[in-house]
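Q: Sequence and predicted structure, then a few things I'm wondering about:
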Amino acid sequence: MKTIEITIATNGKSKVETKGFAGTACRDASRFLEASLGTRKTETLTSEFYATNSQTQQENESTS
């Protein structure tokens with residue numbers, strides 16, 4: 001399942017985390033949120049970023 005989680009702390013800092021996206025699809029999916037929230041300060045790439053679409057789909061099917 002593809003999800004985008006947005007966390008906004010009491011100090012105003014925000015965090016956008018994508019799950020279930022392969023490769024750069026996560027960036028494409030969250031781009032509109034990042035543009036609305038302001039300049040990105042840091043970025044942490046997960047193993048999903050380096051996976052292909054077929055690898056992520058197989059992983060999602062095995063956990064369902």
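A: Right, received. Where do you want to start? Numbers count the residues shown, from 1 in each chain.

Q: for the residue nearest the centre of the chain, which residues make a bridge with it?
A: The C-alpha lying nearest the average C-alpha coordinate of the chain belongs to Thr18 (CA atoms, centre = their mean; 1.9 Å). Counting by DSSP bridges, Thr18 is bridged to Ile4.

Q: contacting residues around it?
A: Applying CB atoms under 8 Å, 6 or more residues apart in numbering to Thr18 gives the contacts Lys2, Thr3, Ile4, Glu5, Cys26, Ala29, Ser30, Glu48. Just so you know, the C-beta spots here come from the backbone N, C-alpha and C atoms, and that holds for glycine as well.

Q: again, but for Arg40
A: Arg40 neighbours (CB under 8 Å, 6+ apart): Glu34.

Q: follow-up on the earlier one: state the distance from the residue nearest to the centre of the chain to Thr10.
A: 23 Å (CB to CB, to the nearest Å).

Q: Likewise for Thr39?
A: Relative to Thr10, and taking CB to CB, Thr39 is found at 20 Å.

Q: likewise Lys19?
A: Counting by CB to CB, the separation of Lys19 from Thr10 is 24 Å.

Q: again, but for Phe49
A: 29 Å.

Q: okay, these two: which has more neighbours?
A: Neighbour tally, Phe49 and Thr10, criterion other CB atoms under 10 Å: the higher count belongs to Phe49, 16 against 5.

Q: What segments of this structure are helices?
A: 25-37, 47-50, 53-63 (DSSP state H).

Q: Could you check what's spatially nearest to Ala51, not counting adjacent residues?
A: The spatially closest residue to Ala51, leaving aside those adjacent along the chain, is Ala22, at 4.8 Å (CB to CB, 6 or more residues apart in numbering).

Q: Tell me how many other residues crowd that neighbour.
A: Ala22: 19 neighbours (other CB under 10 Å).

Q: There's contact between it and Glu48 in this structure, I believe.
A: Yes: if you go by CB atoms under 8 Å, Ala22 and Glu48 touch, sitting 6.0 Å apart.

Q: That'll do, ta.
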